[in-house]
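> The amino acid sequence is not available; the structure is as follows:
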Ligand code: PLP
């Protein structure tokens, strides 16, 4: 057997999640005593809330460690419906709990796509959508908005229709709002219009709403319409990772979907994970089953304002407005064509991200991870001194460019 044949052709082409790799870069630099201003991985900081921690610990202490329903424990599935305000529309047969929203998304691709079915994403797709679609033998396609950057890469109904005309095998359109990486939020009428196109074309409208509690400027998250017309086509993805502090590693996500799709996903889970760990589900239950404390949202909004204020004086960089989540999207094409003190030409987002890291210790995610060369994503779920110090270090680094 050749070395190249030891791994399947498909998986041999996979790279590790680039955003998770950012965490390793930070750890490595800290170990070497190098400066680090961390805008890399999208992860909230601060202490885990005691009631979440205690619920998980209690579950272990009480021996709640036996096999459970592979779709998730019923109490959590009920709580998910309350958390999303959907208890009047669905029952627990519509809810599947998974090991993070990542697994929820992968379940969807596996449950509804046949080989070569096309799945449509927006123009700056989150890093794992495409690898997951490929792993599920589906065919990922990016919907490029005709308005382009004028509307901050948001997909309009006409963009979706244009793509659907060319793709008779489209199975679903996946909308991520709030958007990772751009920090945009689709308005209620934009969501409704896209949903309507999906219903007309009889494809699923999958909405990844993982950051839905982190909406700024006094706005509310625009809920997709749930009624008899939309329910057969609407799949909502959410989870524990982003709307609370320090919960990404608990690894709980969920879907609310039509019953046949949920059943297919639960059947699948019954064969490959038997559902997520019960103590982590108990921790998730404690998190979402009490009134939501908006302090994290308020803090992130303040950090957004701080970053925008600090970064506004950076030359040759355009900072996009952030409406939700905790990402600032920077257009860095103004730096292309410049040379570093070492003589390297900056010609891509990867070059700029590498220069910012090595010269200034600033960790960012290059836009190429989201199919958008020319941009950088900065997570501002980071301490204030990283924001102030990081922008100051960038100012110096940019001044050194020729
Ligand atoms: N969807 C989006 C838009 C995300 O940003 C992430 C994580 O960064 C995920 C899904 C996966 O979330 P989880 O950590 O719950 O698997």
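That came through fine. Quantities reported herein were computed from a predicted structural model and do not represent experimental measurements.
> For the ligand, what is the nearest residue in the stretch 251-400 of the chain?
residue 253 (4.4 Å; CB to the nearest ligand atom). (Glycine included, C-beta is placed from N, CA and C.)
> Report how many residues lie close to that residue.
Using other CB atoms under 10 Å, residue 253 is surrounded by 25 other residues.
> so who does it touch?
Going by CB atoms under 8 Å, 6 or more residues apart in numbering, residue 253 touches 97-104, 210, 237-241.
> overlap between these and the residues near the ligand?
100, 101, 102, 210, 239, 241 (CB under 6 Å from any ligand atom).
> If you rank those residues by neighbours, which is first?
residue 239 (29 neighbours).
> And that one, how close does it get to residue 210?
Using CB to CB, to the nearest Å, residue 239 is found at 6 Å from residue 210.
> Also residue 296?
Residue 296 is 14 Å from residue 210, where distance means CB to CB.
> overlap in contacts of these two?
Residues touching both residue 296 and residue 210 (CB under 8 Å, 6+ apart) are residue 243.
> I'd like the distance between residue 219 and residue 297.
To residue 297, residue 219 is 11 Å away according to CB to CB.
> First-to-last residue distance for stretch 142-155?
10 Å (CA to CA, to the nearest Å).
> Run the chain-centre distance for that stretch.
Centroid separation between stretch 142-155 and its chain, computed with CA atoms, centre = their mean, to the nearest Å, is 18 Å.
> re earlier: inside helices: which ones of the contacts of residue 253?
100, 101, 102, 103, 104 (DSSP state H).
> Show the contacting residues for residue 29.
By CB under 8 Å, 6+ apart, the residues touching residue 29 are 35, 36, 361, 363.
> hmm, try it at 10 Å
Counting by CB atoms under 10 Å, 6 or more residues apart in numbering, residue 29 touches 35, 36, 38, 357, 358, 361, 363.
> can you check residue 53 too?
With CB under 10 Å, 6+ apart, residue 53 has these contacts: 47, 246, 250, 283, 286.
> Dump the contacts of residue 29 to TSV, plus distance to the ligand.
Shown next, in TSV, are those (distance: CB to the nearest ligand atom, whole Å):
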residue	distance to the ligand
35	25
36	20
38	15
357	20
358	25
361	23
363	16
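> what's the farthest-apart pair in the residues you listed?
Farthest-apart pair in these is 38 and 358; separation 15.0 Å (CB to CB).
> Please say which of those two ends up with more neighbours.
residue 38 (24 against 15).
> Can you report phi and psi for that one?
phi -100, psi 110 (degrees, to the nearest 10).
> same thing with residue 117?
Here the main-chain torsion angles of residue 117 (degrees, to the nearest 10) amount to phi -60, psi 150.
> hang on, it packs against residue 136?
Yes: counting by CB atoms under 10 Å, residue 117 does reach residue 136; the two are 9.0 Å apart.
> can you list residues touching both of these two?
The contact sets of residue 117 and residue 136 overlap at residue 109 (CB under 10 Å, 6+ apart).
> Pick out whichever of those two has more residues nearby.
The neighbour count for residue 117 versus residue 136, taken as other CB under 10 Å, is higher for residue 136 (22 against 19).
> The ligand versus the more buried one, what's the distance?
Residue 136 is 15 Å from the ligand, where distance means CB to the nearest ligand atom, to the nearest Å.
> Checking the residue lying closest to that residue once chain neighbours are set aside next. Helix, strand or coil?
Using CB to CB, 6 or more residues apart in numbering and skipping residues adjacent in sequence, the residue nearest residue 136 is residue 109, 3.6 Å away. Under DSSP: H, G, I helix; E, B strand; the rest coil, residue 109 falls in the helix class.
> Are any of the contacts of residue 53 buried, and if so which?
246, 250, 283, 286 (16 or more other CB atoms under 10 Å).
> Return the residues of the stretch 251-400 of the chain in contact with the ligand.
With CB under 6 Å from any ligand atom as the criterion, the stretch 251-400 of the chain meets the ligand at residues residue 253.
> show me where the stretch 251-400 of the chain has helices.
259-272, 278-288, 295-311, 349-360, 384-399 (DSSP state H, counting those that start in this stretch).
> Least confident of the ones you listed, on average?
Lowest mean pLDDT of the helices of the stretch 251-400 of the chain: helix 349-360, a mean of 93.
> Return the distance of residue 26 relative to residue 307.
Distance from residue 26 to residue 307, counting by CB to CB: 18 Å.
> measure the residue nearest to residue 136 to residue 257 for me?
Distance, residue 109 to residue 257, using CB to CB: 13 Å.
> more crowded one of the two?
Set side by side, residue 109 and residue 257 show more neighbours around residue 257, with 29 against 23, by other CB under 10 Å.
> Strands along the protein, start to end?
For the chain, the strands defined by DSSP state E cover 37-38, 95-98, 118-121, 139-142, 170-176, 204-208, 234-239, 253-256, 318-319, 327-331, 362-363, 365-366, 375-379.
> Enumerate the residues of the stretch 101-250 of the chain near the ligand.
101, 102, 126, 176, 180, 208, 210, 239, 241, 248.
> and the closest residue to the fifth one other than its chain neighbours, how many neighbours?
Read that as residue 180. Nearest residue to residue 180, sequence neighbours excluded (CB to CB, 6+ apart): residue 126, at 5.0 Å. Neighbourhood size, residue 126 [other CB under 10 Å]: 23.
> residue contacts, residue 126?
By CB under 10 Å, 6+ apart, the contact set of residue 126 is 19, 42, 101-102, 105, 132, 174, 176, 179-181, 208, 210, 369-370.
> Then residue 66?
Residues near residue 66 by CB under 10 Å, 6+ apart: residue 278.
> same thing with residue 313?
Listed by CB under 10 Å, 6+ apart, the contact partners of residue 313 are 391, 395.
> how much space between it and residue 364?
Noted for residue 313: a distance of 18 Å to residue 364, by CB to CB.
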